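Engineer: need coordinates for the below:
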Amino acid sequence: MNAYNYIKQNFRNSLKARLIEWRKQPTFVKLEKPGDIGRARNLGYKDKKGFVIVRVKLIRGGRKRSMTNKRRRTKRKTNRLTLKMNYQWIAEQRAANHFTNLEVLNSYEVGKDGQHYFYEVILIDPERPEIKADKNISWISKRENRGRAFRGLTSAAKKSRGLRSKSHSLKVRPSLRSWNRRGK
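Structural biologist: This next block holds a predicted model:
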């Protein structure tokens, strides 16, 4: 095993105690270092200025609306709303909303308990000179890469949109609009 596997194993062994602490913390926690350094580095994280790691806490469970008690047809009284987004994509969007000057690069799950999901989101400050000078990540400073999390361009969003496999018979290609919004 390499060093990252040992780090991951150590992280997983102490996860239960960490989850108890994380539950008490606020929704967004800015971290000095990623919890799973190997996973973060695989997703593009570098330990340099301009990279920020944020742990996001999400409440588990389906999206429910309050039940109406006024006049409705039974069909219209539904309180369940099926979202076409996975939790990871929602965590990325919330992090992007909270840190408006940063761009979402990627994210990964670090744990879950009975109430919450916990994700670590890798954010980048596109205006930093260190980021603009780095030839591997300077693409995020371009104008067309703003708002990636909201436009479904991150890895988790593409997975949720069904863009991992290519086929002519998929309803998601070339777009949902061209398939009369019939869904995934």
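
Engineer: quick one: which helix or strand includes Ser175?
Structural biologist: Assigned by DSSP states H and E, Ser175 falls within no helix or strand.

Engineer: residue numbering should commence at 269 henceforth.
Structural biologist: Let's use 269 as the start, then, which means that last one is Ser443.

Engineer: quick one: it and Asn365, what's the gap?
Structural biologist: Note on Ser443: its distance to Asn365, by Cβ to Cβ, to the nearest Å, is 25 Å. For glycine as for every other residue, the C-beta is placed from the backbone atoms N, C-alpha and C.

Engineer: what stretches of the protein score poorly on pLDDT?
Structural biologist: By pLDDT under 70, the weakly predicted segments of the chain are 349-350, 451-452.

Engineer: contacting residues for Arg396?
Structural biologist: 317-318 (Cβ atoms under 8 Å, 6 or more residues apart in numbering).

Engineer: would you map the helices across the protein?
Structural biologist: 271-281, 283-292, 305-310, 355-366, 397-401, 423-428 (DSSP state H).

Engineer: most tightly packed of those helices?
Structural biologist: Ranked by mean neighbour count, the helices of the chain are led by helix 355-366 with a mean of 21 (mean count of other Cβ atoms under 10 Å).

Engineer: restricting to C-alpha, output that helix in PDB.
Structural biologist: As requested, the backbone C-alpha atoms of helix 355-366 are provided in PDB (Å, rounded to 0.1, in the frame of the first residue of the first chain):
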ATOM      1  CA  TYR A 355     -26.600  15.700  -3.000                       C
ATOM      2  CA  GLN A 356     -23.100  16.300  -4.100                       C
ATOM      3  CA  TRP A 357     -24.100  18.700  -6.800                       C
ATOM      4  CA  ILE A 358     -26.400  20.500  -4.300                       C
ATOM      5  CA  ALA A 359     -23.400  20.800  -1.900                       C
ATOM      6  CA  GLU A 360     -21.300  22.300  -4.600                       C
ATOM      7  CA  GLN A 361     -23.900  24.900  -5.500                       C
ATOM      8  CA  ARG A 362     -24.400  25.900  -1.800                       C
ATOM      9  CA  ALA A 363     -20.600  26.300  -1.400                       C
ATOM     10  CA  ALA A 364     -20.500  28.400  -4.600                       C
ATOM     11  CA  ASN A 365     -23.300  30.600  -3.200                       C
ATOM     12  CA  HIS A 366     -21.600  31.000   0.100                       C
END
